[in-house]
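**Student:** Structure for the following, please:
(2 chains)
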Protein chains: 2
Amino acid sequence: MPIVQFAPFASLVQPSLWHKLTELKIDVLKLSDAAVPITGSYSIGGVLKTERRDKRSRCLATSPSVQSLLRRPRSASNDSLFLRDWSRYPPRPPHGSVFAVGTLKNYNTIEDFKAADKTALFNHEAELIWGHILKTRDTAQLNRFLLITFADLKKYKYYYWFAFPAFVSKPAWEIGDEGWAIATSGFDPEKLSSIHGQLQAQPTHLPYFLVKKEASGNVTIAPVEDYEKFYASVPPEAQTIAFVDPSADPSNPGWPLRNLLAYLRALYPATTSTVRILRWRDSELPSPNATWKSQIGTLSVAAAASSSSERPSAVGWEKNPQGKLGPRLADLAPMMDPTSLAAQAVDLNLKLMKWRILPSLDLEKISTTKCLLLGAGTLGCYVARALMGWGVRTITFVDSAKVSFSNPVRQPLFEFVDCLEGGKPKAECAAASLKKIFPGIVSLHSILIDKHQLTPAKNATGHSLSIPMPGHPIPSNPASLAQAKADVARLEKLIDEHDAVFLLMDSRESRWLPTVIAAAKGKIVLNAALGFDTFLVMRHGARVSSLSTGPDGKPHQKLGCYYCNDIVAPADSLTDRTLDQMCTVTRPGLAPIAAATAVELLSSLLQHPERLFAPAPPPATSSASASNPEEDGTSSVLGLVPHQAARLPRPIPDDAAGRGCGFEMLVKAFNDAKFLETLTGLDKLFDEGEAALESVEWEEEGEDDF
Amino acid sequence: MPIVQFAPFASLVQPSLWHKLTELKIDVLKLSDAAVPITGSYSIGGVLKTERRDKRSRCLATSPSVQSLLRRPRSASNDSLFLRDWSRYPPRPPHGSVFAVGTLKNYNTIEDFKAADKTALFNHEAELIWGHILKTRDTAQLNRFLLITFADLKKYKYYYWFAFPAFVSKPAWEIGDEGWAIATSGFDPEKLSSIHGQLQAQPTHLPYFLVKKEASGNVTIAPVEDYEKFYASVPPEAQTIAFVDPSADPSNPGWPLRNLLAYLRALYPATTSTVRILRWRDSELPSPNATWKSQIGTLSVAAAASSSSERPSAVGWEKNPQGKLGPRLADLAPMMDPTSLAAQAVDLNLKLMKWRILPSLDLEKISTTKCLLLGAGTLGCYVARALMGWGVRTITFVDSAKVSFSNPVRQPLFEFVDCLEGGKPKAECAAASLKKIFPGIVSLHSILIDKHQLTPAKNATGHSLSIPMPGHPIPSNPASLAQAKADVARLEKLIDEHDAVFLLMDSRESRWLPTVIAAAKGKIVLNAALGFDTFLVMRHGARVSSLSTGPDGKPHQKLGCYYCNDIVAPADSLTDRTLDQMCTVTRPGLAPIAAATAVELLSSLLQHPERLFAPAPPPATSSASASNPEEDGTSSVLGLVPHQAARLPRPIPDDAAGRGCGFEMLVKAFNDAKFLETLTGLDKLFDEGEAALESVEWEEEGEDDF
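**Tutor:** A predicted model of the protein is given here:
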């Protein structure tokens, strides 16, 4: 009699699996190469389809409870436990398909992937199947499979290799001389239709099932697990054992039959040396004139030499398209949308920080922060670039100037072509440039009307806004006052719409109004200013009342703003300046350093549990002297959150920034150069001795806006 | 008798004047608004043409002796003296023209320009003329003029206002009833031709001259300065006083006549109440049938009420094209070539540093430094940008990678579009990007063949180069050895062609060969490497012998290289790394800080008189503690020149970097991972105790090349 030949499984991987694997690797597995469960499916007469279970994966991304699990310290057992949890809730299989479960093992490096002990992995999976046969008798485990992968996430190339362990019967099974016959030779069509109906009525499609011809002539089906009970006192000729056959080859039954036969021989050796097998290959009832595709055949095997409880050897590594035993390669890069490729690549780059160095880093707190950049010059451009590096997705520029010929070599969002024909408006050009760098960004702009500009910007779109400044008087006619009021309101709205405000202008006084408004609204304010070889970067303090306390019950620390630390109130510094005073004369390398420092300060602040209220480390704290800064609450996972960089804080004279934000007070400030000094008591401080000025080493220069 | 009306001078400014003024302002005057001499010319029957004297200006830019003058401490008197020096050597005037000298006063701000005390300036110039009349009697000074300017160098707008002071005669001069008659009515054509010939024979064209009819009937001419001698015992009817007349108006003689008349009345009151005046208006002899353009007229004036030595009042501010007394505006921006506009703007921005803060800064030492950037990733892009900010004009990139989707948000020379279709080669793309930013740059590239890249770069142009690395064995076949030898030679050539080498790669071992070659060739090496929140920036020391001494006679300090300070020799760190190890996981703000720090270190080093041999400041030196670092030779005009930043130097174990550069030794290093450790004694150091490792806090990560 001819030996039975089996058609092996062929893997078919949906690209979505690789996306899910990418997510899993980046967000959950990180550096772990622990095995994780995976589910596939196969359908009648078809090929094996594999995909990560959508339901679970989707939950990974969105469920708050999962989020909290993810934040627990990473360990392989945790991840595995969690992943296994979900296997309790299998989703519905694709129509007409049955599930196969398996093990996915993803390696960290191509070298690890190549060097993996494939025999051990394979045998482990075979052991699992054998264990199920002997212990749980769960036929759903008979088609367990193994998938080993290496995901080159930089290039979207996925190396993978499937194994479908199937036990080898020694001696081999043989098929009767009639071979595989059409199923109607054993069951009349009415009975086959009845089997079809009964299968459909199952909660999930059974991969294997028993068929019994009742004495009444009816047929009934049952799971193979019920073998003993279902076939009790049923004559062998009324017994047919069926399996959902993925093989479309009429001569060779599909792979699932192999382990079914091993199962039967192991558990019921007395009654299964000859079995009638139904290859179930009709997912739909055949149309009236068509024939049934299912086949029937009688298989028999000689008595095994070894004990039936000893695990037979197994085979089943899949061959690659070249017909060799070796891995396959899925190159997804060509089929991916470039924009989403970019988004994923940037995301990956950031998430790598969580793999090893900072698992508790909350990147979303940073990326969702909406940033308003007042000034799109050297500092503004570099700040925007550093923010993009952190994944910040909303960046709005406000500026009044146009790109001039000296800008591009120092302002990294502009090119020569942007300077032609009078120059593009900087804010608009910078926003467009961010889009060119990363299409996923939301970058807006407002073009200021600069009172010092002789002609207003011609191409101005978006908001037109003039920031009223102390010492720059507003004409007292009603129209000018109304315009100033509208400008204040517009700036207020812009600040309202953002979470963090960067002060990156080229004058001191233009920083005053945004400072006051942002303080009143409790927004984060980062301030950066350049000297020739000095810079100041600081975060403005929050307004705190005596009742405002931190989580430890202590009152919030009162930190100052740009002006709190100065002994000269802001006034007109723009008029009557020489060229080198109008342009910030600064070492070219200073702006990127100051800008990046400001952004790193923001990133640390956002990681601090108290955010805006984060206390400043004591002045003496340095990385060397601070024994444990995390304990005194001045540190975030990203380290210390200083109040300012490159300039020591001085005591804060008064809560000047937050005092009295009424429009009338503002008008006084704009018109009277001395008003602010009087209001804040700076005039007295000043009168007390100009000697104090000698301690001001800081040369007041703002943003390079040459 | 009708009163004589004069045609005022009309100014005509060549655009070249504004370019010269721009140079003068940026390079010489800087913040000074001291008056400087200026020369103009006017020609017969035409308009006044003004230009800076080309000869002097050209010398300003190129003469070595002028260069050294420019480096002397800036002071107004120095500049003025220098500028006046040149007036001793007047160039030849334009053909048929005469010179006028004047005073240029350029203001620093538009406010200063507007607020200038114009009456005082004008009177000062008129005083000068009057003083010359009374003292030097130099008629070349009669047409002195004044030009006040404000140059808006950011926008290439030049505000200017001319004054041509002319004395007012009270009472006014009157002309005889015959008015201005053709010159042939007083001189027959033969005599006029004789005058023409005599004028041409003068070394410079006389602005004014005396004509005498000899008894013989001949005419002779003489400078007006010779009045007394020349006209001694000459009857009044034989005397004619002539001037080169810029006026083309037959009824109104030109402006120069006014001060001539004042001159005559002041010096020779007895003989000049009636004078015959020749308006000389024939630069060429008229063609045979044409008439002479020169005119003749007899002017007379009543006796003056005041003393002849008292300065008469003067008039002469030029009206603007609107017919009002007010400044004119020359807007050069539209007529300038954008590329040269950009070059000038960038130049200006840099030179502003010399105006007030650092007059002794030698920008050319920086801008002419040819920089080789090994690595065009995050560090490479930021380094290139900072170099451009300093005006560096030759930047060459070497890299093997292509732009990937995660790059643009962190690598500021790439855009999303550069990632498409597999990505552009980084080195080529970065070089092209620099050109887009500043067309004046010379940016080259070499594309490395990366041995770790499965497929070689398809679009590779320029050099293809693979940097052999220690621990990455070279196959021992002759072809591979020859290739490696060629690669070493090519890298050597690249290093030869540049002055400074930046090591900005993503692995430690790839820095080794360039370190060795650059040390052997005495090139400056700047090294930057990133950790997660740490970075190392250092300059490699020069090879020094015991005979090598600094200008103070002390032996040169021996500074180490990247490897001197490490206790692990470079070996293969690229194979078998997980994704987060292959990509530099780093705070996004770190790269711009490290890159800019490296460039600032280079800029300081280049300003140090000993350049590569500049000693490092002692470890304890900080800006606070160093009382006077310039005295101990460790500081440049740009401040301290540390050996490294962000990591304290350790003692240098051996001069390992420079030892034995033969190719055979190199091959050993590439092939044997342990060879370098043995060579340098690091293996022993290592064996002596792994405890030492605990002091190595530095996490080895190179360039982000994700």
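
**Student:** gap between the two ends of stretch A:197-205?
**Tutor:** 11 Å (Cα to Cα, to the nearest Å).

**Student:** Then stretch A:148-164?
**Tutor:** Distance across stretch A:148-164, first residue to last, is 12 Å (Cα to Cα).

**Student:** model confidence over it, on average?
**Tutor:** Stretch A:148-164 carries an average pLDDT of 89.

**Student:** go on, stretch A:122-129?
**Tutor:** Rounded mean pLDDT across stretch A:122-129 is 96.

**Student:** and if you look at stretch A:327-345?
**Tutor:** 83.

**Student:** Can you show me the CA trace of that stretch as CSV?
**Tutor:** Written as CSV, here are the backbone C-alpha positions of stretch A:327-345 (Å, rounded to 0.1, in the frame of the first residue of the first chain):
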residue,chain,number,x,y,z
PRO,A,327,14.9,32.3,6.6
ARG,A,328,12.7,34.5,4.5
LEU,A,329,12.9,38.3,4.2
ALA,A,330,10.0,40.7,4.2
ASP,A,331,11.1,44.1,2.9
LEU,A,332,8.3,46.5,3.8
ALA,A,333,10.0,49.7,3.0
PRO,A,334,8.9,49.9,-0.6
MET,A,335,5.3,49.3,0.2
MET,A,336,5.0,51.8,3.1
ASP,A,337,3.8,55.3,2.9
PRO,A,338,6.8,57.5,3.3
THR,A,339,5.1,59.9,5.6
SER,A,340,4.1,57.2,8.0
LEU,A,341,7.6,55.6,7.6
ALA,A,342,9.0,58.9,8.8
ALA,A,343,6.6,59.1,11.7
GLN,A,344,7.4,55.6,12.8
ALA,A,345,11.2,56.1,12.4
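
**Student:** Show me how far that stretch is from its chain's centre.
**Tutor:** Between the centre of stretch A:327-345 and the centre of its host chain there is 15 Å, according to Cα atoms, centre = their mean, to the nearest Å.

**Student:** neighbouring contacts of it?
**Tutor:** Applying Cβ atoms under 8 Å, 6 or more residues apart in numbering or on different chains, the contact partners of stretch A:327-345 are A:11, A:13, A:15, A:18, A:22, A:113, A:148, A:154-161, A:318, A:320-321, A:438-440, B:404-406, B:408, B:416, B:419-420, B:422, B:706. All C-beta spots, glycine's among them, are computed from the backbone N, C-alpha and C.

**Student:** Whichever of these end up buried, select them in PyMOL.
**Tutor:** Applied in PyMOL, the following selects the buried portion of the contacts of stretch A:327-345 according to 16 or more other Cβ atoms under 10 Å in any protein chain shown:
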select buried, (chain A and resi 11+13+18+22+113+148+154+155+156+157+158+159+160+161+318+438+439+440) or (chain B and resi 404+405+406+408+416+419+422+706)
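
**Student:** Counting only helices, which of the contacts of stretch A:327-345 make the cut?
**Tutor:** Of the contacts of stretch A:327-345, the ones assigned to helices by DSSP state H are A:P15, A:W18, A:T22, A:F113.

**Student:** Lowest-confidence member of these, which is it?
**Tutor:** Minimum pLDDT across these falls on A:P15, with 72.

**Student:** which residues touch it?
**Tutor:** A:A330, A:L332, A:M335.

**Student:** Walking through the stretch 51-200 of chain A, point out its helices one by one.
**Tutor:** Using DSSP state H, counting those that start in this stretch, the helices of the stretch 51-200 of chain A run over residues A:54-62, A:64-71, A:76-86, A:110-115, A:118-134, A:189-201.

**Student:** One more: the stretch 351-500 of chain A?
**Tutor:** Using DSSP H, counting those that start in this stretch, helices in the stretch 351-500 of chain A cover A:363-367, A:378-389, A:426-437, A:478-496.

**Student:** so which of the ones you listed comes closest to B:G375?
**Tutor:** Smallest distance to B:G375 across the helices of the stretch 351-500 of chain A (Cβ to Cβ): 17.6 Å, for helix A:378-389.

**Student:** Dump the C-alpha coordinates for that closest one into PDB.
**Tutor:** What follows is helix A:378-389, C-alpha atoms only, in PDB (Å, rounded to 0.1, in the frame of the first residue of the first chain):
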ATOM      1  CA  THR A 378      18.800  81.900  15.300                       C
ATOM      2  CA  LEU A 379      17.400  80.800  18.700                       C
ATOM      3  CA  GLY A 380      13.900  80.100  17.300                       C
ATOM      4  CA  CYS A 381      15.200  77.900  14.500                       C
ATOM      5  CA  TYR A 382      17.400  75.900  16.800                       C
ATOM      6  CA  VAL A 383      14.800  75.600  19.400                       C
ATOM      7  CA  ALA A 384      12.300  74.300  16.800                       C
ATOM      8  CA  ARG A 385      14.800  71.700  15.600                       C
ATOM      9  CA  ALA A 386      15.500  70.500  19.100                       C
ATOM     10  CA  LEU A 387      11.800  70.300  19.900                       C
ATOM     11  CA  MET A 388      11.300  68.200  16.700                       C
ATOM     12  CA  GLY A 389      14.000  66.000  17.900                       C
END
